[in-house]
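Trainee: just to be clear, the model below is a prediction. Sequence and coordinates:
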Amino acid sequence: MKESDTSELKTRRSDANGAGIAGIVLSPVRRHHGFIGGVFSGLLSLVQGMAVTLKYFVRPSTVVTRQYPENRKTLKMYERFRSLLIMPHDPDGCHNCTACGICETACPNASISVVSRKDAAGKKVLKNYVWRMDSCTFCNACVQACPFSALSMNGYFENAVYDRRLLSYSLNRYSGPPASVLKKIEDLTERVKMMEPCLPYSGQSVFGETPVDSGG
Ligand code: SF4
Ligand code: SF4
């Protein structure tokens, strides 16, 4: 490399006052090798790109890109993919949420609102578990914070709606005590009395607008 090339490069970097502009300065190596060097550099880049293509061709199971939407009925996302926050219910329709509110505290952007009420015995039970998908970042902090394994993330990925209000979900199907309490009530009629059905969406009636009592 000529001394003049080096000094020119330094001068132009200094003029740009930072590394951000340095990328547009002609590399001294490229200046030195000129056209032939550029051709070899381009060929090397092409071979590297084709090597990736060839690898996916011989090992299609390693392809990360998913086809969509023709295969929407059979498409399964990766296990670690997070989309909908759900509250799993057992075959009897019971969940584990005790309305303790730990997940609500753990959520960094207030996407969860746990609304509780008092049951017949005066104990705090879940009335409405509101989750706002439109502000959720799918960080999974709520799932990890829950001491009763009452939450999980599933991989359902078609959640687009035209009305943002439909992105506010009520995760509990019924309002009432957790499964651990309900299962102790042997009389099924009495058990059902403790379970008031909930709607799957809260619509715009979330976070204070819902006509609910916090119940302590
Ligand atoms: S995934 Fe994260 S942002 Fe979304 S509700 Fe849970 S804690 Fe909040
Ligand atoms: S989901 Fe878990 S952490 Fe959240 S209120 Fe229910 S029991 Fe508590």
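Mentor: Alright, I've got the coordinates. Ligands and ions are numbered 1, 2, ... in the order given.
Trainee: ranges for the strands of the protein?
Mentor: 85-86, 112-118, 124-132, 152-153, 168-170, 174-175, 196-197 (DSSP state E).
Trainee: off-centre distance for the fifth one?
Mentor: Put plainly, it is strand 168-170. 16 Å (Cα atoms, centre = their mean, to the nearest Å).
Trainee: other SSEs contacting that strand?
Mentor: strand 124-132 (3 or more Cβ pairs under 8 Å, 6 or more residues apart in numbering; DSSP states H and E). For the C-beta atoms, the positions are set from N, CA and C on the backbone; glycine is no exception.
Trainee: quick one, the strand it packs on and strand 112-118 angle?
Mentor: Counting by axes from the mean of the first three to the mean of the last three Cα atoms, to 10 degrees, strand 124-132 lies at 160 degrees to strand 112-118.
Trainee: now for strand 124-132, which elements pack on it?
Mentor: strand 112-118, strand 168-170, strand 174-175.
Trainee: would you reformat those strands as CSV and include mean pLDDT and mean neighbour count?
Mentor: Converted to CSV, those look like this (pLDDT from 0 to 100; neighbours: other Cβ atoms under 10 Å):
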stretch, mean pLDDT, mean neighbour count
strand 112-118, 92, 21
strand 168-170, 88, 22
strand 174-175, 86, 20
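Trainee: of the strands of the chain, which is nearest residue 98?
Mentor: strand 124-132 (7.2 Å; Cβ to Cβ).
Trainee: quick check: mean pLDDT across that closest one?
Mentor: Mean pLDDT, strand 124-132: 92.
Trainee: then stretch 58-70?
Mentor: 83.
Trainee: pull up the distance across that stretch, start to finish.
Mentor: The stretch stretch 58-70 measures 24 Å between its terminal residues, going by Cα to Cα, to the nearest Å.
Trainee: roughly how far does the one residue sitting closest to the centre of the chain sit from residue 193?
Mentor: Geometric centre of the chain, nearest residue: residue 138, 2.6 Å, by Cα atoms, centre = their mean. Using Cβ to Cβ, to the nearest Å, one obtains 36 Å as the distance from residue 138 to residue 193.
Trainee: residue 171: what's it in contact with?
Mentor: 85, 86, 87, 129, 130, 131, 151 (Cβ atoms under 8 Å, 6 or more residues apart in numbering).
Trainee: just among the residues you listed, which is most surrounded?
Mentor: Within the contacts of residue 171, residue 129 tops the neighbour count with 27 neighbours, counted by other Cβ atoms under 10 Å.
Trainee: partners of that one in the sheet?
Mentor: For residue 129, the beta-bridge partners are residue 114 (DSSP bridges).
Trainee: can you list the weak-confidence ranges in the protein?
Mentor: 1-33, 199-216 (pLDDT under 70).
Trainee: show me what from it comes close to ligand 1.
Mentor: With Cβ under 6 Å from any ligand atom as the criterion, the chain comes near ligand 1 at residues 85, 106-109, 111-112, 131, 136-142.
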